[in-house]
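K.L.:
When you get a sec, could you give me coordinates for this:
(chains A and B)
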Number of protein chains: 2
Amino acid sequence: MHVEIISTGNEVLHGEVTDTNSAWLASRLIETGYRPIKQITVGDDFNHLTDLFVDCSRSSDVVLVTGGLGPTQDDLTAAAAAQASGTELEVYREWVHILEERYRQRKMPLSNLKQARLPRGSEILPNPKGTACGFSLQIGSARFFFMPGVPYEMKHMFDEEVLPRMLQSFVPTEQKMTKRVFTFGLSESKVGELVSAHKNDGCSIGFRASFPLIEVKLYGTKQKIDPVLNAIRCTLKGYIFCEDVGDAASVIQESMVKRKWTLVLAESCTGGLLADQLVSVPGSSQYFMGSFVTYSNLLKTRLLHVSERVLESNGAVSLRVAACMASEARNKASADIALSVSGIAGPGGGTDEKPVGTVAFALAARERTYSQVLQFPAWGRSRIRKGSAMICLDMLRRYIEEIQIFPDYDYAKRIVAKVQTVQDAPGAS
Amino acid sequence: MHVEIISTGNEVLHGEVTDTNSAWLASRLIETGYRPIKQITVGDDFNHLTDLFVDCSRSSDVVLVTGGLGPTQDDLTAAAAAQASGTELEVYREWVHILEERYRQRKMPLSNLKQARLPRGSEILPNPKGTACGFSLQIGSARFFFMPGVPYEMKHMFDEEVLPRMLQSFVPTEQKMTKRVFTFGLSESKVGELVSAHKNDGCSIGFRASFPLIEVKLYGTKQKIDPVLNAIRCTLKGYIFCEDVGDAASVIQESMVKRKWTLVLAESCTGGLLADQLVSVPGSSQYFMGSFVTYSNLLKTRLLHVSERVLESNGAVSLRVAACMASEARNKASADIALSVSGIAGPGGGTDEKPVGTVAFALAARERTYSQVLQFPAWGRSRIRKGSAMICLDMLRRYIEEIQIFPDYDYAKRIVAKVQTVQDAPGAS
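P.N.:
Below you'll find the predicted structure:
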């Protein structure tokens, strides 16, 4: 079966917005056992749209189209679909009634009425989340499904309306499965080399750098995947952060909640990024207490009692300051574990001794404080901040799993590292 | 001139990774005056890749290809390009030498050598950021430029190697310009209606919902754009957050730095998201001091002196608590302005009285504290958190611009709002 995915809109074609719809659709198709052949993006141009629909009506069985159903003048999908199928637009009273019902208590913008004009012969796909209804239409040999471009409207419509209709008409062919392993700390070519050393007959292997993780994807029957997977687990051991879902924050949450441990953060260069990653997972309040985002030195002193003298003699990016930040945050919050990070994300602020990319980390637990200073390459502000947040999570994972807390990282050079027991805990002043 | 953009890779076709390269390339082309006609994504399939290259070699002048140049077995772009141009792969010694030079001090993975095998007749496009060199090759009527899929390697190569070569051979045709206006607080159909009321001959208008902002894009000659732009500015007035670049954090930074004001945050449901947005802009340390991410009530009490009694009687999501959080954060940091936010992002935690989506906000300045409680629709955790962060920024922008701090929002219903002068400032206990 031949499935294609089309996304429309000048904003996508011209790169002003990144199309996440096609990726999401492709991924849902694969999960269900369908395999998309191609994804195409075209602009809001009546002729280009019509030509593309006609092309696809000859070569495809199913075509999924997103975008161009809005109320404004640059939304041309319905008109082009009508043209491609040799018919005309007509007002679908059914949808007008639904809109009128929804707007009973306020004035309906007239432009919304345009969204009830569909190619004759269409079947309406209801949209409970927005004012643009979707529709399905047979053109040539292909069944077209037209959905809105707003991601959460589209996703709901695909799952509730489109997929059930596809499953009725087309049996998914693939019986294979996908298994994913996410690593942190090794380069893609190193992971590739280590993994390729194993025999993998009948199991296809893919690699993907999804900064800061590297994903290894195995695809095949369970029987073929299992031995390869076991071999990979042995080879990459300490560097495997998680499997199946590449969401480091969810993995951390699960481990922490299981142990009934609480976590607090003290962030400087990551500036709330790490807290945000943790809080974006529902249920994070079960273990996550908060973060001292002490971006200025003044707040480091006032909130975390890092003395001005220590800041001056060691610099804000130092083992000592990171350790102070973590242990004071841990005390203030009465948390089981505290993580801290302080670094130079750039573009300014670097010196010869501590260039941009120098970042200090600490993990404070009941009995010990672990601290290290790493030097990242010239990655730029965004990657240095994201890489730093990930190092924090990796320290925590390694602490939880009771494995080496200071491993070799392909990406970052370790300048110095230290473990302190509570007896010689870092003095804050 | 006909330009197409191709991105390759199963991970993109199957939706495991969102392709940001095509959008970036399209946007750079547009800025330079070229107009891409189509974007296509295909998987790591030798035949599909070859067929597509042959198709494009007939219909296009320039084809930009990203991805599939890596060292692993699923990287097939060079081989397919050779096949499509009827030639073979050969080792380019020039690139081998460069790689050997780079790896002088450590062992080079053998797999990297594969990346020096290019179709005969190719011109090397150097890649100082990675081990995959790009290459350029004439196939049929089209000049193909092959670039790596890693975004920061690709971007550098496009700007330094590809674009100069395109400019030598093809004169950009468009002399038009684009103007963007970003609004916050009105729905897309409302913005569309207000804008469409103006005459706009010769100036094309596009709309884009880029949550939480709505973008209005004008495209045409300066002469045609200017009158439309002026009319739009009058109509949408208080709802225009920024123009040209839709980055709210940069706009705030510019305004704050200009006034030499400092800012501190107290975040609960946004959990560091707002701080992260501000810190992601280089130079944020000029005005941003930090954030009290008091996600747990314990930290609200310990760090911001919100008493347990107040938390119990008012609830953490209340005018009173938001106002306390902001004014205490402002005092603690000696900042000019503090913003606070505390809400129920869901999925759990809602009650009949305060359902999921109820969020309290405050802005504390020297002379006054402004607080409000809003009710968002059933948007889900991620949008409620993003929407909340944006409301904070909108309060700050409105405070700076000295306009109505509590406007009507299409998205969110206001439950209650309050302005307190310092005399009757919120007691913390």
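K.L.:
Show me the shaky parts of chain A.
P.N.:
A:174-175, A:423-429 (pLDDT under 70).
K.L.:
let's see it at 80
P.N.:
A:11, A:15-18, A:31, A:71-74, A:103-112, A:173-177, A:198-202, A:422-429 (pLDDT under 80).
K.L.:
measure the residue most central in space within it to chain B for me?
P.N.:
Against the mean C-alpha coordinate of chain A, by C-alpha atoms, centre = their mean, the closest residue is A:D247 at 7.6 Å. To chain B, A:D247 is 13 Å away according to C-beta to the nearest C-beta, to the nearest Å. Any C-beta I mention is one placed from the backbone N, CA and C, and that applies to glycine too.
K.L.:
Over to A:K129?
P.N.:
9 Å.
K.L.:
likewise A:R302?
P.N.:
Separation of A:R302 from chain B (C-beta to the nearest C-beta) stands at 6 Å.
K.L.:
One more: A:R320?
P.N.:
Counting by C-beta to the nearest C-beta - A:R320 and chain B are separated by 20 Å.
K.L.:
Can you report how many residues neighbour that residue?
P.N.:
20 (other C-beta atoms under 10 Å in any protein chain shown).
K.L.:
Make sure it is indeed in a helix.
P.N.:
Yes. Membership of A:R320 in a helix is supported by DSSP: H, G, I helix; E, B strand; the rest coil.
K.L.:
Isn't it up against A:L311?
P.N.:
No. If you go by C-beta atoms under 8 Å, A:R320 and A:L311 don't touch, sitting 9.4 Å apart.
K.L.:
if you skip the residues just before and after it, what's nearest to A:G283?
P.N.:
In this structure, A:G283 finds its nearest non-sequential neighbour in A:Q253, 6.8 Å apart by C-beta to C-beta, 6 or more residues apart in numbering or on different chains.
K.L.:
Mind checking if stretch A:344-356 is in reach of chain B?
P.N.:
Yes. Stretch A:344-356 reaches chain B (C-beta under 8 Å from any C-beta of the partner chain) through A:346-348.
K.L.:
An error on my part: the question was meant for stretch A:4-12.
P.N.:
Yes. Stretch A:4-12 lies within reach of chain B by C-beta under 8 Å from any C-beta, at A:9-12.
K.L.:
Would you reformat those residues as a markdown table and include secondary structure and distance to B:V279?
P.N.:
Output for the residues of stretch A:4-12 next to chain B, formatted as a markdown table (DSSP: H, G, I helix; E, B strand; the rest coil; distance: C-beta to C-beta, whole Å):
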| residue | secondary structure | distance to B:V279 |
| --- | --- | --- |
| A:G9 | coil | 32 |
| A:N10 | helix | 32 |
| A:E11 | helix | 28 |
| A:V12 | helix | 29 |
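K.L.:
Strands of the stretch 201-350 of chain A, start to end?
P.N.:
A:203-210, A:213-220, A:240-243, A:263-267, A:288-294, A:337-343 (DSSP state E, counting those that start in this stretch).
K.L.:
Tell me which strands the second one pairs with, and in which orientation.
P.N.:
Taking DSSP bridges as the criterion, strand A:213-220 forms sheet pairs with strand A:177-183 (antiparallel), strand A:203-210 (antiparallel).
K.L.:
Quick one: distance of that strand to the chain centre.
P.N.:
16 Å (C-alpha atoms, centre = their mean, to the nearest Å).
K.L.:
Contacts for it next, please.
P.N.:
If you take C-beta atoms under 8 Å, 6 or more residues apart in numbering or on different chains as the criterion, strand A:213-220 is touched by A:176-184, A:186-188, A:191, A:195, A:200, A:202-209, A:225, A:228-229, A:232, A:236, A:241, A:246, A:248, A:390, B:11, B:16.
K.L.:
now the residues you listed: which count as buried?
P.N.:
A:176, A:178-184, A:186-188, A:191, A:195, A:200, A:203-209, A:225, A:228-229, A:232, A:236, A:241, A:246, A:248, A:390, B:11, B:16 (16 or more other C-beta atoms under 10 Å in any protein chain shown).
K.L.:
can you list the domain ranges for chain A.
P.N.:
A:3-169, A:177-243, A:253-421 (automatic domain parsing).
K.L.:
Just the terminal-to-terminal distance for the longest one.
P.N.:
So the one you mean is domain A:253-421. End-to-end distance for domain A:253-421: 26 Å, by C-alpha to C-alpha, to the nearest Å.
K.L.:
next one: the shortest one
P.N.:
Domain A:177-243 has its terminal residues 14 Å apart, counting by C-alpha to C-alpha.
K.L.:
again with stretch A:206-218
P.N.:
7 Å.
K.L.:
what does stretch A:196-205 give?
P.N.:
Terminal residues of stretch A:196-205 lie 9 Å apart, using C-alpha to C-alpha.
K.L.:
How about the residues of the stretch 101-250 of chain A by chain B?
P.N.:
Counting by C-beta under 8 Å from any C-beta, the residues of the stretch 101-250 of chain A close to chain B are A:109-112, A:131, A:150, A:152, A:188-190, A:192-193, A:196, A:204-210, A:215, A:217.
K.L.:
Not counting sequence-adjacent ones, nearest residue to A:V42?
P.N.:
A:H48 (5.0 Å).
K.L.:
Just give the number of residues close to the one you found.
P.N.:
Counted by other C-beta under 10 Å, the residues lying close to A:H48 total 17.
K.L.:
Give the other helices and strands that whichever strand or helix holds it contacts.
P.N.:
Element membership of A:H48 [criterion: DSSP states H and E] is helix A:46-59. Using 3 or more C-beta pairs under 8 Å, 6 or more residues apart in numbering or on different chains; DSSP states H and E as the contact test, the elements touching helix A:46-59 are strand A:3-8, strand A:36-42, strand A:62-66, helix A:77-84, strand A:134-139, strand A:142-147.
K.L.:
redo that, cut-off 7 Å
P.N.:
strand A:3-8, strand A:36-42, helix A:77-84 (3 or more C-beta pairs under 7 Å, 6 or more residues apart in numbering or on different chains; DSSP states H and E).
K.L.:
what angle sits between it and strand A:36-42?
P.N.:
In terms of direction (axes from the mean of the first three to the mean of the last three C-alpha atoms, to 10 degrees), helix A:46-59 departs from strand A:36-42 by 170 degrees.
K.L.:
How far off centre is helix A:46-59?
P.N.:
That offset, for helix A:46-59, works out to 32 Å (C-alpha atoms, centre = their mean).
K.L.:
quick one: contacts of it?
P.N.:
A:2, A:4, A:6, A:8, A:40, A:42, A:63, A:76-77, A:79-81, A:83-84, A:139-142 (C-beta atoms under 7 Å, 6 or more residues apart in numbering or on different chains).
K.L.:
now swap in stretch A:401-414 and tell me
P.N.:
Residues outside stretch A:401-414 that contact it (C-beta under 7 Å, 6+ apart) are A:185-187, A:190, A:238, A:370, A:372, A:374-376, A:387, A:395, A:398-399, A:417.
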